[in-house]
Each structure stands twice: as C-alpha cells, then as structure tokens.
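>>> Quick one: sequence plus predicted model below, questions after.
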Amino acid sequence: MIQIDDKIVSADIFSKRFVCNLAVCKGDCCVEGESGAPLEDDETKIIEDIYPIVKPYLADKAIAEIEKQGTWVIDSDGDKVTPIINGKECVYTYFDEDGICKCAIDKAHQEGKIDFKKPVSCHLYPIRISKYPDFEALNYHTWPICAPARELGGQLGVPVYKFLKEPIIRRYGQAFYDEMEDVEKTLIDQGMI
C-alpha cells in the first residue's frame, strides 16, 4: 500500500495491467454482479435530474424498472446504487448493434445532452474505493469477467492507473495523478514493479 495525500493506494494499481476489451467481454461488468453501480451521495440527485434526458436511450424494461424502484436504490449492504433488471443489467445500459452493453448516461454525455459522464464508480472500475473516517483506500478489484482486459493490458503494458487516467483526474485532480506517476517511477527504480 502506498499513501498519497490522505489516500491509501494498493500497489496493484501500479503493477497490474488492464485495458478494457469490449469486443471480447461485451460489457459484462454492466450486466453481472449482485447489485447496481455504487453511487456517491451527490450522484443520486444528478441521476434524478438527468433521468428525463437519458430515458429515451433506455429499453422499455429499464424504464419500467426505474418507475417501479426509482432512479437509484439502497442495496442489501445499505449502499446507494443504480437499480438492476431481474438481478442482472444496470437499468442505465443499452446494447449496441454488436451486442455490447454500454452506458446510456455516457451516450447522452457523448452527444452533449448532459454534463455528467457516468457514475464515478463505473468510470474508475477496476479501482474500487473504500471510505473510512480519516482516509480513502483505492483497491484493484479482480473479477473473472475482466480476464480479457487483463490480457490486453498485459499485451500493451498499460498499468491500471494509466488506463484510468481520465477518471482518476476527474475524482482526485491532476496533482494526485501526477503523484501517482512519481510513485510508479519510484517503484520501478526500487525494483518493486
């Protein structure tokens, strides 16, 4: 573990390799799992506000689920998350012409209809954040469905944190990311990665 400011960062984020390979995994991270995407407190309000704009991108079954459960829910662990359909895909997903599961919120953002890109937990994956009273821990989450991403990341030599540059800067700022680059150089110099 490495401390950067008041964050504790797993060394795996520097040593492990990862690049999403949607052509192979088909976006299964938006379909598999026991609950929806974790949401920050402020994101629940944002999702409520943008829902009317995102709604046209959603399947009828997703709209029905949102109208039944709401734009966000509290899961069995007591966390705020996106609703899911029949224990499977997130309500904010859609499937493209190649059968790849993608984020409707992100699509609306790409088309300039909303400022919000997607929940930060989705954007940061495979980094998972655990919050404690005095610090946050950034951990690398390994999930079997992401084996193609680990394989591609290994082929390309891309560390997890470099693949996630944009969401890390979105969440923690440029200075934090720059510090991560310095940490990686130190770890390499010390032969730790």
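Sure, I can see it.

>>> Figure out how far the helix or strand hosting Glu184 is from the centre of its chain.
According to DSSP states H and E, Glu184 maps onto helix 174-189. Centroid separation between helix 174-189 and its chain, computed with C-alpha atoms, centre = their mean, to the nearest Å, is 21 Å.

>>> buried ones in that helix?
Neighbour-count burial for helix 174-189, counted by 16 or more other C-beta atoms under 10 Å, picks out Tyr177, Glu179, Met180, Val183, Glu184, Leu187. (C-beta placed from N, C-alpha, C; glycine too.)

>>> Output it as PDB, restricted to C-alpha atoms.
Taking Å, rounded to 0.1, in the frame of the first residue of the first chain, the C-alpha atoms of helix 174-189 are listed here in PDB:
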ATOM      1  CA  GLN A 174      -4.300  16.400 -11.900                       C
ATOM      2  CA  ALA A 175      -1.900  16.800  -9.000                       C
ATOM      3  CA  PHE A 176      -3.000  13.400  -7.500                       C
ATOM      4  CA  TYR A 177      -2.500  11.700 -10.900                       C
ATOM      5  CA  ASP A 178       0.900  13.300 -11.300                       C
ATOM      6  CA  GLU A 179       1.900  12.000  -7.800                       C
ATOM      7  CA  MET A 180       0.800   8.500  -9.000                       C
ATOM      8  CA  GLU A 181       3.200   8.800 -11.900                       C
ATOM      9  CA  ASP A 182       6.000   9.700  -9.500                       C
ATOM     10  CA  VAL A 183       5.100   6.700  -7.300                       C
ATOM     11  CA  GLU A 184       5.300   4.400 -10.300                       C
ATOM     12  CA  LYS A 185       8.800   5.700 -11.200                       C
ATOM     13  CA  THR A 186       9.900   5.200  -7.600                       C
ATOM     14  CA  LEU A 187       8.500   1.600  -7.600                       C
ATOM     15  CA  ILE A 188      10.300   0.900 -10.900                       C
ATOM     16  CA  ASP A 189      13.600   2.400  -9.600                       C
END
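
>>> and the most centrally placed residue in the chain, what does it touch?
Closest residue to the average C-alpha location of the chain: Cys122 at 1.9 Å, with C-alpha atoms, centre = their mean. Residues near Cys122 by C-beta atoms under 8 Å, 6 or more residues apart in numbering: Cys30, Ala37, Cys103.
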